[in-house]
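# I would like to see how this sequence folds:
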Amino acid sequence: MNIGTTVLISVTAAIVIGIGALISFYVGKRAKSNDSWVVGGRNLPLYVIAFTQYATAVGGGVLVAHVGIAYAWGLSVFWYEIFVIVGLLVIAIFAGWLRRRTFSTIPEVFTRLYGEHRLMLSMVALAVIVVPFGWLATQFIAFANLFNAVTGIGITPLIIIMAVVSIAFVLPGGLTSVAWSDFFFGVFMVIASIVVGAYAIINAGGPSTIVKNLPAELTTMPTGLTAAGGLTILLWLFSILPGTLTNQLYYQRIFAASNVKQARQGIYLSCILIGISGVYALIIGASVRSMTDQFSIDGREQAAGWFLAQLPVWLIAAYGAFLMATIVSTTGSALHSVVVNLVNDLRPAFVKNKDTSSDLVAMSRWCTVAVSAIAAVLAIVFPTALNWLVATYAYSASMLAVPFLLGMILTNKWILDVSIGYVSMAAGLVVCAVAHIAGTTVPYAVFGIIASLIAYLIMLAVKKPQARTLSEEERALS
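Here you go, the predicted structure:
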């Protein structure tokens, strides 16, 4: 790629990111309290809630991995969107219970379900942290690899650039600045995906030509939805659905909504936008497959890079900005989530100081810099070793999904003994690890979640919960 194209891509990306950064700093100046930092002041408007949920859910994976899935297996690409949407709709069921109780994090919810226990708070906080921290480090690497191929800039400088950019979007106002910049990035992502998708269809000769050139089993129903194979779809189910249901990033945006109605409406609108991202991935993947079938199933993720090389210079520049906006929206949200758990959950479990709101915000800012630096160093020094962080998604879901969801269902009527949560979490973690080490054909998260459920039900029978007598305030919240 010539130097002129590299400069054009860099300038376009810098302009888009710069606009997002200005928005972040502008709204961040008004976000002085810890409540604004952690949950956006609990008054974010509907359109911001919808687009920040969407931008959080649609990361770099849609740009590369999902295009590859569509290239290899056609309509099967929609399973990701289906599982995420189902997970978000389940979360919407609990939105009223969650939003009315002014929670800030998932560990706070566990405290409401099972009582104040330092060990449980620490276990839950660590289980919640590992997922967004894994996202953060691996997104640094994904960004560096993508832009190294496009611009020729070294991997290490690119990781450092992404770390600095991520800090810039969290530092001004926490979730307030992240959510508003996500709104801008989300709008840009939708527009860019429409433009790029339209170009792909035209360049491939139109819809009829694309369908004609593709194997029929990829485009017809129901074979298109099952082209990836039952085991692969099962793997996606048990990694995506439980992961969505226990992903703190989605819950924080419920906590940040102005009211319950807007929290639910934000989820419904984001589901529509997430569906659009699936259509985008299908269009790009199918268009590339129509134009070339040179990539094998294992090499399917090269499809996105091949398509990038076919774009005219002006569209490459816009696509480069699209790539960066998508990744930045994910890294900012992940970084913020990790910091919130460290400062607001783990630290109070061991330090009993009564900090003021301004003290907590200052502490969060320092922690933001430290976490980003650690993630960047790990990404530079151990890029391949970070693959294990992806596995933490399964472990986290195995520990949290059952006690979290069943706890919310039962807590209004019953007082749950803390041992029920402990045993369920431990069973999920241990059995998931054993299945992982054994290299089971069935996804190991399946074993972990089933073990957690069985343990939970056994403990419910052993530690029979007492009926809860609700106060007037609790009855009003219910």
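
# where does the stretch 151-300 of the chain have low pLDDT?
Scanning the stretch 151-300 of the chain for pLDDT under 70 picks out no residues.

# so the nearest residue to Val313 once chain neighbours are set aside is in which element?
Among residues not flanking Val313 along the chain, Thr5 sits closest, at 5.6 Å (C-beta to C-beta, 6 or more residues apart in numbering). (Glycine included, C-beta is placed from N, CA and C.) Thr5 is part of helix 3-28 when elements are defined by DSSP states H and E.

# and that helix, average pLDDT?
Mean per-residue pLDDT for helix 3-28: 84.

# Check what contacts the next helix or strand after it and list those residues.
Per DSSP H and E, helix 3-28 leads on to helix 34-39 as the next helix or strand towards the C-terminus. With contact meaning C-beta atoms under 8 Å, 6 or more residues apart in numbering, helix 34-39 is reached by 30-31, 41-42, 104-105, 173-176, 252, 255-256, 340, 344, 357-358, 360-361, 364.

# CA-only coordinates of helix 34-39 in CSV, if you can.
Coordinates of each C-alpha in helix 34-39 appear next as CSV, following Å, rounded to 0.1, in the frame of the first residue of the first chain:
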residue,chain,number,x,y,z
ASN,A,34,-19.0,9.0,41.1
ASP,A,35,-22.5,8.2,40.0
SER,A,36,-21.8,9.9,36.7
TRP,A,37,-18.6,8.0,36.4
VAL,A,38,-20.1,4.6,37.2
VAL,A,39,-23.6,4.7,35.7
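
# Compute the inter-axis angle for the next helix-or-strand element following it and helix 3-28.
With elements assigned by DSSP H and E, the helix or strand that comes after helix 34-39 is helix 46-57. For helix 46-57 against helix 3-28, the angle between stretch directions is 130 degrees (axes from the mean of the first three to the mean of the last three C-alpha atoms, to 10 degrees).

# How much space separates Thr151 from Val288?
22 Å (C-beta to C-beta, to the nearest Å).

# ok, those two, which is more surrounded?
Taking other C-beta atoms under 10 Å, Thr151 and Val288 do not tie; Val288 has more neighbours (28 against 18).

# if I look at that one, how far off is Ser193?
Distance from Val288 to Ser193, by C-beta to C-beta: 15 Å.

# Please apply the same query to Leu237.
25 Å.

# Looking at the two, which is more packed in?
Ser193 (24 against 17).

# Just give the nearest non-adjacent residue to the more buried one, would you?
Per C-beta to C-beta, 6+ apart, closest to Ser193 is Tyr280, 4.2 Å.

# Correct me if wrong: Ile159 contacts Val381.
No: look at Ile159 against Val381 with C-beta atoms under 8 Å: they stay out of range, at 10.3 Å.

# The two - which one has more neighbours?
Taking other C-beta under 10 Å, Ile159 and Val381 do not tie; Ile159 has more neighbours (24 against 10).

# any residues touching the helix or strand where the more buried one lies, and which ones?
With elements taken from DSSP H and E, the one containing Ile159 is helix 155-170. If you take C-beta under 8 Å, 6+ apart as the criterion, helix 155-170 is touched by 17, 20-21, 24, 136, 139-141, 143-145, 147-148, 177-178, 181, 327-328, 331-332, 335-336, 339, 368-369, 372-373, 375-376, 379-380, 383.

# PyMOL command to pick out the buried ones of the residues you listed?
PyMOL command restricting the contacts of helix 155-170 to the buried ones, with burial defined by 16 or more other C-beta atoms under 10 Å:
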select buried, resi 17+20+21+24+136+139+140+141+143+144+145+147+148+177+178+181+327+328+331+332+335+336+339+368+369+372+375+376+379+380+383
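
# Do me a favour and get the end-to-end distance for stretch 246-265?
20 Å (C-alpha to C-alpha, to the nearest Å).

# from the middle of its chain, how far away would stretch 334-350 be?
17 Å (C-alpha atoms, centre = their mean, to the nearest Å).

# what does the average pLDDT come to for it?
Mean predicted confidence for stretch 334-350 is 88.

# Ignoring the adjacent residues along the chain, who's closest to Thr45?
Not quite, residue 45 is Pro, not Thr. Nearest non-adjacent residue to Pro45 (C-beta to C-beta, 6+ apart): Ser258, at 7.0 Å.

# What's the local residue count around the one you found?
17.

# ok, which stretches of the stretch 251-400 of the chain are helices?
260-291, 302-310, 313-341, 347-350, 357-381, 387-410 (DSSP state H, counting those that start in this stretch).

# Report the buried residues of the second one.
Think helix 302-310. Quick answer for helix 302-310 (16+ other C-beta under 10 Å): Gln302, Ala303, Ala304, Gly305, Phe307, Leu308, Gln310.

# Return the closest of those residues with respect to Met425.
Ala304 (37.9 Å; C-beta to C-beta).

# correct me, but the closest one touches Ile284?
Yes: the criterion here is C-beta under 8 Å, and Ala304 meets it with Ile284 at 7.1 Å.

# and for those two, which residues touch both?
Val67.

# for the helix or strand where Arg112 lies, packing partners?
Assessed by DSSP H and E, Arg112 sits inside helix 106-114. With contacts taken as 3 or more C-beta pairs under 8 Å, 6 or more residues apart in numbering; DSSP states H and E, helix 106-114 sits against helix 118-151, helix 248-255, helix 387-410, helix 418-438.

# any chance of those helices in a markdown table, with distance to Leu323 too?
Shown next, in a markdown table, are these (distance: least, C-beta to C-beta, whole Å):
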| stretch | distance to Leu323 |
| --- | --- |
| helix 118-151 | 6 |
| helix 248-255 | 20 |
| helix 387-410 | 20 |
| helix 418-438 | 32 |
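
# Give me the residue at the spatial middle of the chain.
Central residue of the chain (C-alpha atoms, centre = their mean): Ala57, 4.6 Å from the mean position.

# What spatial separation is found between it and Lys352?
Distance from Ala57 to Lys352, by C-beta to C-beta: 37 Å.

# coming back round to it: quick check: angle from the helix holding Ile159 to helix 357-381?
Going by the same axes, to 10 degrees, helix 155-170 makes 160 degrees with helix 357-381.

# what's the next secondary structure element after helix 155-170?
Taking DSSP H and E, what comes next after helix 155-170 is helix 175-203.

# Can you give me the buried ones in that following helix?
So, applying 16+ other C-beta under 10 Å, buried residues of helix 175-203: 175-190, 192-193, 196-197, 199-201, 203.

# do the same with stretch 114-121
Going by 16+ other C-beta under 10 Å, stretch 114-121 has these buried residues: Tyr114, His117, Met120, Leu121.

# Now flag whichever of those is closest to Cys432.
Met120 (18.4 Å).

# Give me the pLDDT value at that closest one.
Met120 is given a pLDDT of 89.

# swap in Gly439?
Reported pLDDT for Gly439: 83.

# And for the one 4 residues further on?
According to the predicted model, the pLDDT of Pro443 comes to 77.

# Report the contact partners of it.
Contacts of Pro443 by C-beta under 8 Å, 6+ apart are Leu234, Leu235, Phe238, Ser239, Ala394.
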